[in-house]
Structures are given as C-alpha cells and as structure tokens.
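# the sequence and its predicted three-dimensional model are supplied below.
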Amino acid sequence: MEKLVIIPTYNEKDNIRKIIDAVFSLQEDFHILIVDDGSPDGTGNIVKSLQQQHPGELFLSERSGKQGLGTAYIHGFKWALAKGYQYIFEMDADFSHNPKDLPRLYNACAVEGGDVAVGSRYVKGGRTENWPWDRAVLSYGASVYVRFVTWMRVKDATAGFVCYKRQVLESINLDAIRFVGYAFQIEMKFTAWKLGFKVKEVPITFIDRKEGYSKMSKGIVKEGILGVLKIQWESLFRKYERRVRNEQLQEQEQ
C-alpha cells in the first residue's frame with residue numbers, strides 16, 4: 001500500500017490493457033487506480049476483466065459522464081489518501097508517459113528528497129517525440145508563459161506525469177482546486193510550491209499518442225491561459241494560502 005498510479009480514462013479501449021500490463025510488468029509493487037468517466041467504448045469493462053488477474057492491485061472507480069481530467073485526479077487523490085498510500089502518481093493511459101519512468105519519479109521523492117517529482121520535457125535530457133511543430137511550439141510557449149507569470153521555477157508546469165508524496169496532497173485543500181483541464185496541472189504544482197514543498201524535475205521523453213485521440217481543445221487552452229493569470233493574482237493576497245491549505249490537517253497537528 002505504498003505506491004499508487006492513478007490513470008484517468010475516457011474511451012481508451014485501445015490502450016488500457018497494454019498500459020496496465022506495462023505498469024505491472026515493472027514488478028515494483030505499483031498499484032493502479034483507473035478512474036473512468038463512463039467510457040462508452042467499454043474501457044471500464046476491460047479493466048473489470050483484468051481485476052481478476054490482479055486482485056488487491058488493480059482498482060476501478062467509475063463515474064457517470066465526462067467530468068474532466070482535474071476532477072478525475074482529485075477523486076483519485078482522495079481515494080489514495082483514504083487507503084493509506086504514501087506515493088501517488090499521475091499518468092496518462094496513452095503511453096505518452098513511459099511506465100518505465102515510474103521508478104525514477106519514485107526515487108526522486110523517496111530517495112532524493114523531492115516532495116513532488118515531475119516528468120519533465122524541458123530540463124536537460126528531456127525531449128518530445130512525434131509531435132507536430134505547432135503542438136511543440138504551443139507546449140513550450142505555455143511553459144515559458146507559466147514561469148513568466150507565476151515566477152515558479154518549474155520548467156514543465158503543464159506536465160501530467162507526476163509523483164506526489166502523501167504529505168503534499170494531505171496539506172492541500174483539494175476541494176479548493178478549481179481547474180479541470182489544461183490549468184489543473186499548473187494549479188497543483190503552483191499550490192504545492194506556494195505551500196513550501198520541493199518540486200524536482202526528472203527528464204523524460206514524451207511520445208505523442210499512437211492510438212486513440214487527443215482530449216486537447218480550444219476551451220482547455222483558454223482555461224490554461226486565463227487560469228494562470230487568475231492563480232497568480234489570487235496568490236498575491238494571503239487569502240489564497242488560507243483557501244488552498246488544508247486547515248483541518250493543520251488544526252490536527254496543533
């Protein structure tokens with residue numbers, strides 16, 4: 001009950017069996033929680049069929065309808081904390097994140113002193129593969145924009161391949177995280193950083209999905225652009241930290 005990988009899904013029948021097998025093939029005691037938003041393609045049913053092969057290791061939480069990436073992860077975080085996991089990971093189902101990098105993210109937190117480990121495309125040794133030029137420009141431009149606006153020293157703030165120590169997620173008022181799409185990843189890293197946690201970046205190779213389809217949309221990009229401005233503006237006032245900090249945990253510690 002130490003390491004849990006949360007994988008949100010919506011119509012990932014082409015990838016889900018392979019990504020689950022790839023994580024378990026590491027044989028490093030990673031458990032998996034699939035948070036499926038009622039995929040009409042039967043993704044959830046495939047996971048159910050695999051649970052018999054991985055009792056006590058593979059879990060499925062089904063939600064009704066597509067509710068957004070951010071809410072799926074928040075749901076997964078709360079589930080993980082309730083079950084007692086110590087290291088909680090975010091990962092996509094489409095192999096854009098290589099499961100073989102999971103132990104490296106774990107070591108960055110468990111051995112090297114990080115509180116949050118980010119699989120980064122934009123530190124030395126990190127890169128992307130098979131991306132169209134316009135998406136590469138958009139992604140890198142977004143990372144520069146986030147650093148410029150927020151002053152946060154994370155080069156890949158939009159990354160979705162992340163390991164959180166339990167203490168980080170316990171310290172955050174997860175109900176106060178507002179964004180559900182592109183800006184969710186930024187808001188989580190920004191909040192952890194503002195609360196004083198150490199963010200380490202681990203170089204990875206990000207490979208564009210080969211099967212299924214991208215969930216990116218104009219609305220998600222717009223949320224990211226405007227959301228960063230809103231996050232930084234609110235953080236200039238003390239009420240921001242009061243809103244995002246888990247006051248209940250703080251009172252228990254006192």
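Happy to help now that I have it.
# immediately after the host helix or strand of Tyr164, which helix or strand?
Assigned by DSSP states H and E, Tyr164 belongs to strand 162-165. Using DSSP H and E, the helix or strand that follows strand 162-165 in sequence is helix 166-171.
# in that following helix, which residues are buried?
For helix 166-171, a neighbour-count test (16 or more other C-beta atoms under 10 Å) marks 166, 168-169, 171 as buried. To be clear about C-beta, it is placed using only N, CA and C from the backbone, and glycine gets the same treatment.
# over to stretch 107-124?
The neighbour-count check on stretch 107-124 (16+ other C-beta under 10 Å) flags 108-110, 114-123 as buried.
# what about the strands in the stretch 1-150 of the chain?
Along the stretch 1-150 of the chain, counting by DSSP state E, counting those that start in this stretch, strands occupy 3-9, 30-36, 58-62, 87-90, 116-120, 127-129.
# among those, which is nearest Val149?
strand 116-120 (18.0 Å; C-beta to C-beta).
# helices of the stretch 151-254 of the chain, start to end?
166-171, 182-194, 218-235, 238-244, 247-253 (DSSP state H, counting those that start in this stretch).
# out of those, the one nearest Ser39 is which?
Once the helices of the stretch 151-254 of the chain are compared by C-beta to C-beta, helix 218-235 is nearest, at 18.7 Å.
# hang on, the earlier thing: what's the strand holding Tyr164 packed up against?
In terms of contacts (3 or more C-beta pairs under 8 Å, 6 or more residues apart in numbering; DSSP states H and E), strand 162-165 is packed against strand 87-90, helix 102-110, strand 116-120, helix 182-194.
# got the angle between the last one and strand 116-120?
Between the direction of helix 182-194 and that of strand 116-120, the angle (axes from the mean of the first three to the mean of the last three C-alpha atoms, to 10 degrees) works out to 140 degrees.
# show me what helix 182-194 is packed up against.
Under the contact definition 3+ C-beta pairs under 8 Å, 6+ apart, helix 182-194 sits against helix 69-83, strand 116-120, helix 133-150, strand 162-165, strand 199-203, helix 218-235, helix 238-244.
# check the second one too.
Using 3+ C-beta pairs under 8 Å, 6+ apart as the contact criterion, the neighbours of helix 102-110 among helices and strands are strand 87-90, strand 116-120, strand 162-165, strand 199-203.
# hey, C-alpha coordinates of the last one in CSV?
Provided in CSV are the C-alpha atoms of strand 199-203 (Å, rounded to 0.1, in the frame of the first residue of the first chain):
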residue,chain,number,x,y,z
VAL,A,199,9.5,20.2,-6.7
LYS,A,200,12.1,18.1,-8.6
GLU,A,201,12.1,17.7,-12.3
VAL,A,202,13.1,14.3,-13.8
PRO,A,203,13.9,14.3,-17.6
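# ok, and what's touching it?
For strand 199-203, the external contacting residues (C-beta atoms under 8 Å, 6 or more residues apart in numbering) are 101, 104-105, 108-109, 112-120, 123-127, 153-156, 189, 192-193.
# that older thread, weakest of the strands of the stretch 1-150 of the chain by average pLDDT?
Mean pLDDT across the strands of the stretch 1-150 of the chain is lowest at strand 127-129; the value there is a mean of 89.
# any idea how far that strand is from the chain center?
Centroid separation for strand 127-129 versus its chain: 19 Å, with C-alpha atoms, centre = their mean, to the nearest Å.
# partner strands of that strand, parallel or antiparallel?
Strand pairing for strand 127-129, using DSSP bridges, gives strand 205-207 (parallel).
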